[in-house]
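Visitor: Just the structure for this:
(one chain, ligands or ions: 1)
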Amino acid sequence: MTNILIIDSAATGAASVSRKLTRELAETLQRRDPSARIVHRDVGAAPIPHLTEATVPAIRAGLVESPEAERALALSNELIAELKDADVIVIGAPMYNFGMPSTLKAWFDHVLRAGITFRYSEAGPEGLVTGKKAIVIEARAGLYSEGPAAAFDSQEPHLRTLLGFMGVTDVSFVRAEKLAFGPEAAAAAIEKATADLARIADIELPLAA
Ligand SMILES: Cc1cc2nc3c(=O)[nH]c(=O)nc-3n(C[C@H](O)[C@H](O)[C@H](O)COP(=O)(O)O)c2cc1C
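Guide: Numbers count the residues shown, from 1 in each chain. Now for the predicted structure:
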């Protein structure tokens, strides 16, 4: 059975392009493989808290000295279990101020734990979340994959680094860009992203036939 983890992070509810694309991909994957198990973690609707003085010791060193720290560690363990169980990870990532939404960054802050999702070895850092396929769906008002704003893209390189640091190196990035360049450009961007996702679902995903 294939386990699929879908992470949505858009704060824009039903208007969200990344949500539309993650939803359609989930429907396609479930149709292809009715036995696939889909877990939906919606950090846009239910944000992951930022780390605080009370919770950092729990996340970084497993030290629990308050109910707040206990809750943070329990959430971290739950998020890591979802991640480790997944064969396929789908992340819906809007671009907010040239990067990812802060609640998606908070998700990474809760799952990147030394000795659990990565470790430092003599050969350097080593990711422990291996054997996964990830698809990151990026929704952006502007154009960053080429042209003058390409240098402002702090979203895709950061996501690639964080996933790669945990060992998730097989990552496909699907971009819906130029969403604010008028209705025709937006429709074309969504159509292209949909086609890219269909191709990835056809060729790259480990689903039952
Ligand atoms: C707080 C905020 C910051 C944004 N910053 C950027 C940005 O830096 N660059 C950009 O191209 N679009 C930016 N946008 C536009 C979103 O990337 C765009 O609306 C996209 O469709 C959001 O994804 P969604 O449709 O899944 O919500 C921003 C939107 C919000 C709400």
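Visitor: Quick one: mean pLDDT for the top helix by length along the chain?
Guide: With DSSP state H setting the assignment, residue counts place helix 183-203 as the longest helix in the chain. Confidence over helix 183-203, taken as the mean pLDDT, stands at 96.
Visitor: same question, stretch 157-176
Guide: Stretch 157-176 carries an average pLDDT of 98.
Visitor: Outside of the longest helix of the chain itself, list whatever touches it.
Guide: Outside of helix 183-203, the residues within contact range by CB atoms under 8 Å, 6 or more residues apart in numbering are 17, 20-21, 24-25, 28-29, 32, 135, 137, 172, 174-180, 207. All C-beta atoms are positioned from the backbone trio N, CA, C, and that covers glycine.
Visitor: Tell me the confidence at the residue nearest to I59 when sequence neighbours are not counted?
Guide: Leaving aside its sequence neighbours, I59 sits nearest to S76 (CB to CB, 6 or more residues apart in numbering; 5.6 Å). Model confidence at S76, given as pLDDT, is 98.
Visitor: Now tell me what touches the helix or strand hosting S76 from outside.
Guide: When elements are assigned from DSSP states H and E, S76 belongs to helix 67-85. Residues outside helix 67-85 that contact it (CB under 8 Å, 6+ apart) are 3, 5, 39, 41, 48-49, 51-52, 54-55, 57-59, 62-64, 89, 107, 110-111, 113, 116-117, 129, 166.
Visitor: Now, of the residues you listed, which are buried?
Guide: Buried positions within these, assessed by neighbour count (16 or more other CB atoms under 10 Å), are 3, 5, 41, 48, 55, 57-59, 64, 89, 107, 110-111, 113, 116-117, 129, 166.
Visitor: picking up where we left off before, how far does the helix holding S76 sit from its chain's centre?
Guide: Distance of helix 67-85 from the chain centroid (CA atoms, centre = their mean, to the nearest Å) equals 16 Å.
Visitor: quick one: whichever helix or strand comes after that helix to helix 183-203, angle?
Guide: Next along the chain after helix 67-85, taking DSSP H and E as the criterion, comes strand 88-94. Relative orientation of strand 88-94 versus helix 183-203 (axes from the mean of the first three to the mean of the last three CA atoms, to 10 degrees): 170 degrees.
Visitor: Strand 88-94 near the ligand anywhere?
Guide: Yes - counting by CB under 6 Å from any ligand atom, the ligand has neighbours in strand 88-94: P94.
Visitor: Give me the sheet partners of that strand and which way each runs.
Guide: Each strand paired with strand 88-94, and its direction, by DSSP bridges: strand 3-8 (parallel), strand 133-139 (parallel).
Visitor: Based on its surroundings, how many neighbours for the closest residue to L179 other than its chain neighbours?
Guide: Counting by CB to CB, 6+ apart, the nearest residue to L179 once its immediate chain neighbours are dropped is A186, at 4.8 Å. A count of nearby residues for A186, using other CB atoms under 10 Å, gives 17.
Visitor: Relative to the ligand, how far out is A186?
Guide: Distance, A186 to the ligand, using CB to the nearest ligand atom, to the nearest Å: 9 Å.
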